[in-house]
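Colleague: Please work out how this folds:
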Amino acid sequence: MNFKAKTASVAIGAGLLAAPVHAAQFGPLEVAGFLKYEHSICDNCVLDTVNPSPFDPRGALTTLNPPLNQGGRSGRSTSNLELAMLTVGYVHEFDNAVKIEGRASGRARDGGADIFGHYLIEGYAGISYPTLGSLQVGKMTSRSWSRSDSFAYPMGLTTSWAEAGAGYGVFPYAERAATPEYELSFGKIRFELTAAGAQARAPLNPASTTVEPPTPRLAEAFIQFSNEKHLVEAIYQGSRGGRQSSFSKGAFYGAQGNTNSAAAGPAYKRPSESLLILQGSYWATPNWRVSYGVKRSDWSGQQQQCDYGPVSPVESACFWDQGGFNYASDGRRYSARENDYMAGISHVRKLWTYTAGVVFMSEASTRNPTEWGQDNTARFFNLGVYRKMPEIYRDFEIYGGLGQVRFGRQGPAPLSMPNNAAFFGADPRTSRSAVGLTLGANLKF
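Modeller: As a prediction, the model looks like this:
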């Protein structure tokens, strides 16, 4: 298994607006969630970082020796993970078939928020009618993250597939409209469109701002097709004014604007990024499932921004607090594009499930003269075994996995990774490959 948590979303049907499969009923309320614990061992993961600094997150810009954020020693390491999620929902259907709903979901990891700054990842209200579809308003998770997780989770590849690349996982403010399922001669299809926003980011020192922070705007389109053998989904997400990253699980968050001088930042443009995913599953038999996916990530690129703190007669400080993306040593702005791929197979035999999967991150296309990871590749392999434990509880399972990451070259990680050691814990600047073992237990309720 990967060294980050897999979420509990394992739904493979087409009923995305239905109540959770494992929800318990408490009067008018539906309650569902999970508790997960994992212990992982890695044979060749990074143990420390040399000269840690937010100035150069990839260790790509500095001429220091040793450089900033350079991976240090590698060796055997262990880690523990505790992950929990709770969802509370309310659904009421009137006699005229109009249905109203409300739902709230929270996630915690190792005692803190699973997604930075967001214990609550969903909190919305909605209305639906069988022949018209549905409308939901509030805080929501994206389809690009939640649905990708549903395909990658059974393969033990959630982090490297569902949490990598462009895009965002949580929308602070969103409106989502969906059609009903349309019956075709060869299956069912439904369409969905989401419009989302977030607060514009306040600069640390407004006096240093030459272009005001943009207002973040985002749109996501989702199409789902299913029949007896196939489940196929297409997702497009495009945004402007958001802080760029390659952590597609993170929340939609406003970019900084231009805090450089006119001379230092003449080519500033509002940052943008987009994500296109085609993924699906094929059931050869009820017990054999093949999963696959193709993902294209696009980033506009951005110049590195230095936001000066409050100016005093004594000193002023520069805060490199903008994560940014694809920075270049010449200070210019370079766009980037990367294609990634996922494939896996699973077999269910009574209480046992056996899985095998791979995610491949390819080289990226960009004119950036600085090596930010565009020339690197990564392959994530995983073999997993799960066993349901009805002897203990009907929705309790234990699992184990043997995983490997293999990078194409020594240097910064591929652009689809949030940082050099984000997935699996191996830093490609010091470790070209690593093998890990994960043991875990998951209780769903």
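Colleague: Tell me where the longest helix sits in the protein.
Modeller: In the chain, taking DSSP state H as the definition, the longest helix is helix 143-152.
Colleague: Export only the CA atoms of the next helix or strand after that one, formatted as CSV.
Modeller: Using DSSP states H and E, the next helix or strand after helix 143-152 towards the C-terminus is helix 158-162. What follows is helix 158-162 as a C-alpha-only set of coordinates in CSV (Å, rounded to 0.1, in the frame of the first residue of the first chain):
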residue,chain,number,x,y,z
THR,A,158,-5.0,6.4,-3.9
THR,A,159,-2.2,8.8,-3.3
SER,A,160,-0.4,8.4,-6.6
TRP,A,161,-3.6,8.6,-8.6
ALA,A,162,-6.4,10.4,-6.8
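Colleague: Show the average pLDDT along helix 158-162.
Modeller: When pLDDT is averaged over helix 158-162, the result is 95.
Colleague: Tell me where the model's unsure across the chain.
Modeller: By pLDDT under 70, the weakly predicted segments of the chain are 1-22, 261-266, 309-317, 319-324.
Colleague: Give the other helices and strands that the longest helix of the chain contacts.
Modeller: The criterion is 3 or more C-beta pairs under 8 Å, 6 or more residues apart in numbering; DSSP states H and E, and the helices and strands that helix 143-152 contacts are helix 158-162, strand 217-226, strand 230-240, strand 272-285, strand 288-299, strand 336-349. In short, each C-beta sits where N, CA and C put it, glycine included.
Colleague: longest strand anywhere in this structure?
Modeller: Using DSSP state E to assign secondary structure, the strand with the most residues in the chain is strand 74-93.
Colleague: same for the following helix or strand past it, what does it pack against?
Modeller: Tracing the chain past strand 74-93, the next element assigned as helix or strand by DSSP H and E is strand 99-109. Of the remaining helices and strands, those touching strand 99-109 by 3+ C-beta pairs under 8 Å, 6+ apart are strand 74-93, strand 120-129.
Colleague: would TSV of those strands with mean neighbour count be doable?
Modeller: Supplementary listing: the helices and strands packed on strand 99-109 in TSV, determined by neighbours: other C-beta atoms under 10 Å:
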stretch	mean neighbour count
strand 74-93	16
strand 120-129	17
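Colleague: For residue 402, which of the ones you listed is the nearest?
Modeller: Nearest to residue 402 among the helices and strands packed on strand 99-109 is strand 74-93; the distance by C-beta to C-beta comes to 15.3 Å.
Colleague: how far off strand 120-129 does that closest one point, in degrees?
Modeller: Interaxial angle, strand 74-93 versus strand 120-129 (axes from the mean of the first three to the mean of the last three C-alpha atoms, to 10 degrees): 30 degrees.
Colleague: helices or strands next to strand 74-93 in the packing?
Modeller: Packed against strand 74-93 by the contact rule (3+ C-beta pairs under 8 Å, 6+ apart) you find strand 29-46, strand 99-109.
Colleague: Now for residue 274: which residues touch it?
Modeller: Neighbour list for residue 274: 166-167, 236-239, 297-298 [criterion: C-beta atoms under 8 Å, 6 or more residues apart in numbering].
Colleague: If you rank these by neighbours, which is first?
Modeller: For the contacts of residue 274, the largest number of neighbours (other C-beta atoms under 10 Å) sits with residue 167, at 33 neighbours.
Colleague: Kindly indicate whether that residue is helix, strand or coil.
Modeller: Here residue 167 is recorded as coil under DSSP: H, G, I helix; E, B strand; the rest coil.
Colleague: hmm, back to that, which one among the contacts of residue 274 gets closest to residue 125?
Modeller: Closest approach between the contacts of residue 274 and residue 125, by C-beta to C-beta: residue 237, at 22.8 Å.
Colleague: Please look at that closest one and residue 196 and confirm they touch.
Modeller: No. At 9.2 Å, residue 237 does not count as touching residue 196 under the criterion of C-beta atoms under 8 Å.
Colleague: Common neighbours of the two, please.
Modeller: Overlap of the contact sets of residue 237 and residue 196 (by C-beta under 8 Å, 6+ apart) consists of 218-220.
Colleague: Export the residues you listed as CSV, with columns for neighbour count and distance to residue 79.
Modeller: What follows is those, written out as CSV (neighbours: other C-beta atoms under 10 Å; distance: C-beta to C-beta, whole Å):
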residue, neighbour count, distance to residue 79
218, 25, 33
219, 14, 37
220, 24, 33
